[in-house]
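Q: predicted model follows, preceded by the sequence.
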2 protein chains.
Amino acid sequence: MDEPLKIENQLCFSIYALSKEFTKLYNLFLKDMNVTYPQYLVLLVLWEQNELTVKQLGENLLLDSGTLTPLLKRMEEADIVKRERSRDDERKVLVSLTNKGIDLKEKAEKIPVCLAEKIGLSPQEFQKKLDENRDLLSKILEAVES
Amino acid sequence: MDEPLKIENQLCFSIYALSKEFTKLYNLFLKDMNVTYPQYLVLLVLWEQNELTVKQLGENLLLDSGTLTPLLKRMEEADIVKRERSRDDERKVLVSLTNKGIDLKEKAEKIPVCLAEKIGLSPQEFQKKLDENRDLLSKILEAVES
DNA sequence: TATAATTTAATTGTGCACAATTAAAATTTA
DNA sequence: TAAATTTTAATTGTGCACAATTAAATTATA
């Protein structure tokens, strides 16, 4: 690399910009569901496993309670999730979907196809990018934690 | 793609997570310079061209004045940039480096090498990732704007 | 040259994102 | 079992990020 401080040569910036623009694109599709992108991520996890603690949600999404607590309160306010203290262990807060939250899945099903089409990525390219990103993420996580 | 709504199969999420963790890693290195990652991005641009309008900065970084104005005020407060209205065109605000801002470049020079080492990416891999991201970003930008 | 349209920043309001701290509950250990 | 430690969420405070609006200056146009 010739000029590492040139902004076009900054890998992190390219990922940062990509993330922001990708999120904007998603938000166009999510407007109809009345959720933000981070809220949609919570839904993705809950559609897979209907009840999780805040901690488990955070582990899935790499987010802490400082982010999740107010976000989940907004989702509770919108009646798409429930929050209740566990009786077994009063430290834990269990998050689960309401019927409204469950029903949103139907609308969400359409997003991935519409999106891939709009971007113009073949399934093969999509999968390749996904794998590459996973590789890099694990390297970065290792570096952050060490 | 078998289960497109599974979070591990979401390309946007992998990029979103990557961006956040990469930024955290940067912040470890930037602590010494007393700037945040977005502030560092402003410095990168200004080290290349010492005077730009807010608009031009925004075009380089894909950020709008709602983000940049308060960020630049904090950087002005920290005495690393100057902000002044253009005399030619009073709508424009010219942003430039102070001596302190110029001097920070020296510390920044070390970051890319330390970082690549910490992540464990060869220059070839680094370049490859960079190129791939640029490709995807241009596709996404096109999709967002259309 | 008055007026309409455009350009440029700033402002306002909402929603993350995270470091650091606090507080309560559960678990471990002396 | 009493005390220390750990776990779990919530809170506090700061800094983005962006949509929408406002306001001022410039440029285009009737």
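A: Arrived safely, thanks for sending.

Q: hmm, the strand or helix carrying residue A:117 touching chain B?
A: Taking DSSP states H and E as the definition, one finds residue A:117 inside helix A:111-119. Yes - for helix A:111-119, a contact with chain B is found by C-beta under 8 Å from any C-beta of the partner chain, at A:112-113, A:118-119. Backbone N, C-alpha and C define where each C-beta goes, glycine included.

Q: what's the closest of those residues to residue B:131?
A: residue A:119 (17.4 Å; C-beta to C-beta).

Q: doesn't residue B:140 make contact with the closest one?
A: Yes - applying C-beta atoms under 8 Å, one finds residue A:119 in contact with residue B:140, separated by 6.3 Å.

Q: hang on, the earlier thing: the helix holding residue A:117: how far from the chain's middle?
A: Distance of helix A:111-119 from its chain centroid, counting by C-alpha atoms, centre = their mean, to the nearest Å, is 17 Å.

Q: and after that helix, which helix or strand comes next?
A: Following helix A:111-119 toward the C-terminus (DSSP H and E): helix A:123-145.

Q: could you report the separation of residue A:31 from chain B?
A: Distance of residue A:31 to chain B, given as C-beta to the nearest C-beta, to the nearest Å: 13 Å.

Q: surely that residue is within a strand?
A: No - applying DSSP: H, G, I helix; E, B strand; the rest coil, one finds residue A:31 to be helix, outside a strand.

Q: run through who's touching the helix holding residue A:117.
A: Identification of contacts with helix A:111-119 by C-beta atoms under 8 Å, 6 or more residues apart in numbering or on different chains yields A:25-26, A:29-30, A:123, A:126, B:1, B:4-5, B:10, B:139-140, B:143, B:146.

Q: just want the residue of chain A that's nearest DNA strand C.
A: residue A:66 (2.7 Å; C-beta to the nearest atom of the strand).

Q: name the element that residue belongs to?
A: Counting by DSSP H and E, residue A:66 is part of helix A:65-77.

Q: got the residues of chain A near DNA strand C?
A: A:36-39, A:62-67, A:70-71, A:74, A:88-91 (C-beta under 7 Å from any atom of the strand).

Q: so what pLDDT did the nearest residue to residue A:40 once chain neighbours are set aside get?
A: Spatial nearest neighbour of residue A:40, excluding adjacent residues (C-beta to C-beta, 6 or more residues apart in numbering or on different chains): residue A:30 at 5.5 Å. pLDDT for residue A:30: 97.

Q: returning to that earlier point: so for the helix holding residue A:117, what's the average pLDDT?
A: 91.

Q: so residue A:83, which of the three states?
A: Residue A:83 - assigned by three-state DSSP - is strand.

Q: hmm, back to that, give me the contact status of the helix holding residue A:66 with DNA strand D.
A: Yes - Helix A:65-77 reaches DNA strand D (C-beta under 7 Å from any atom of the strand) through A:65-66, A:68-70, A:72.

Q: residues of that helix that come out buried?
A: A:68, A:71-72, A:75 (16 or more other C-beta atoms under 10 Å in any protein chain shown).

Q: check these and tell me the two furthest apart.
A: It's A:68 and A:75 that sit farthest apart of these, by C-beta to C-beta, at 9.8 Å.

Q: joint contacts of these two?
A: Common neighbours of residue A:68 and residue A:75, using C-beta under 8 Å, 6+ apart, are residue A:42.

Q: if we can go back for a sec, which of the residues of chain A next to DNA strand C are close to chain B?
A: Among the residues of chain A next to DNA strand C, the ones lying near chain B by C-beta under 8 Å from any C-beta are A:37, A:62.

Q: that older thread, how about JSON lines for the buried residues of helix A:65-77, with pLDDT added?
A: Shown next, in JSON lines, are the buried residues of helix A:65-77 (pLDDT from 0 to 100):
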{"residue": "A:68", "pLDDT": "98"}
{"residue": "A:71", "pLDDT": "98"}
{"residue": "A:72", "pLDDT": "98"}
{"residue": "A:75", "pLDDT": "98"}
